[in-house]
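# Show me how the following folds:
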Amino acid sequence: MRSLLDLIGYLILLGGTIVGFASNSVTMVVLSLFGGPVLLGLSHLIGIAENVQARLLDLPPTLATVRSRIRNAPEYAVDGGGIEIYPSAEAKYEWIDLNGDIYIRSRAFRKYLEHVDNRYAFALPGSRTVVLHRAEYYSGGAALFSLDGHSYVLLRAIGLAASLEEDRIALRSLQHGEDTEKS
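Prediction:
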C-alpha cells in the first residue's frame, strides 16, 4: 500500500508538474505540487502507524524495519575485553538493538570464527566453542542471521554481554549462572 502511494505521489508530483508547465496550466501545476506531497505524507503517516501498531502488539520487526535499524545504527569502537576485534582494536561496528537483544556483525570475531555454509563456530578465548546456524533473515531472538550480505550475531548466544561506555562498546564474558536471557 505504501509503495503504491509513494509511486502515485511521485508520478503526480513530477508528471503533473511537467504536463502542467507544458500545457501552460497553472491549475494543474498547483494541484500537482499539492497532491503529490499529500500522498507522500500519507504514505509516511501509514509507516509511522504501522510501527506504532507493531510495538503495541509486540510484533517482531519486519525485514524493512530491521534493515532500517541496521542502516541507522550508531557505530562505536569495540573494546573486546581480552578478545581481539577484527581488523583492529579501533574498528567500529554498529550497536544493533533488536527488541532488547544486542547484535554485532560476526566479522568482528573473525579471528575466532569458522564457518561452512550456514554453520558458524565461535571459539572465543576462555569459553567453549559455540556452533550457530545462520538464519536467512531476522526473526525474534535469532542467534545468528544474515541480511544484505552481512551476518549478525546475538552477543548473549556466544556468551558475551555488551554495554555502551562513553563512545565505545564494552564486551565482557557472561559468567556461569548469570542471566543469559538479556545482555
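# Give the closest residue to the residue nearest the centre of the chain in space, chain neighbours not counted.
Residue closest to the average C-alpha location in the chain (Cα atoms, centre = their mean): Ile70, at 2.4 Å. Using Cβ to Cβ, 6 or more residues apart in numbering and skipping the chain neighbours, the partner closest in space to Ile70 is Ile96 (5.7 Å). To be clear about C-beta, it is placed using only N, CA and C from the backbone, and glycine gets the same treatment.
# And that neighbour, how far from Arg2?
Ile96 sits 24 Å away from Arg2, going by Cβ to Cβ, to the nearest Å.
# Settle it for me: which of these two has more neighbours?
Ile96 (20 against 14; other Cβ atoms under 10 Å).
# What's the separation between the more buried one and Gly159?
The gap separating Ile96 from Gly159 is 18 Å, by Cβ to Cβ.
# same check, this time on Leu113
Using Cβ to Cβ, Leu113 is found at 14 Å from Gly159.
# Provide a list of residues in contact with the closest residue to Ser151 other than its chain neighbours.
With sequence-adjacent residues excluded and distances taken as Cβ to Cβ, 6+ apart, Ser151 is closest to Ser106, at 4.3 Å. For Ser106, the contacting residues are Leu113, Tyr120, Leu144, Ser151, Tyr152, Val153, by Cβ atoms under 8 Å, 6 or more residues apart in numbering.
# Name the SS class of the second one, please.
Three-state secondary structure (criterion: DSSP: H, G, I helix; E, B strand; the rest coil) places Tyr120 in strand.
# And the one 4 residues further on, by the same measure?
At Leu124 the chain is in coil, as set by three-state DSSP.
# Spit out the contact partners of it.
Leu124 makes contact with Ile83, Phe109, Tyr112, Val130, Ile158, Gly159, Leu160, Ser173, according to Cβ under 8 Å, 6+ apart.
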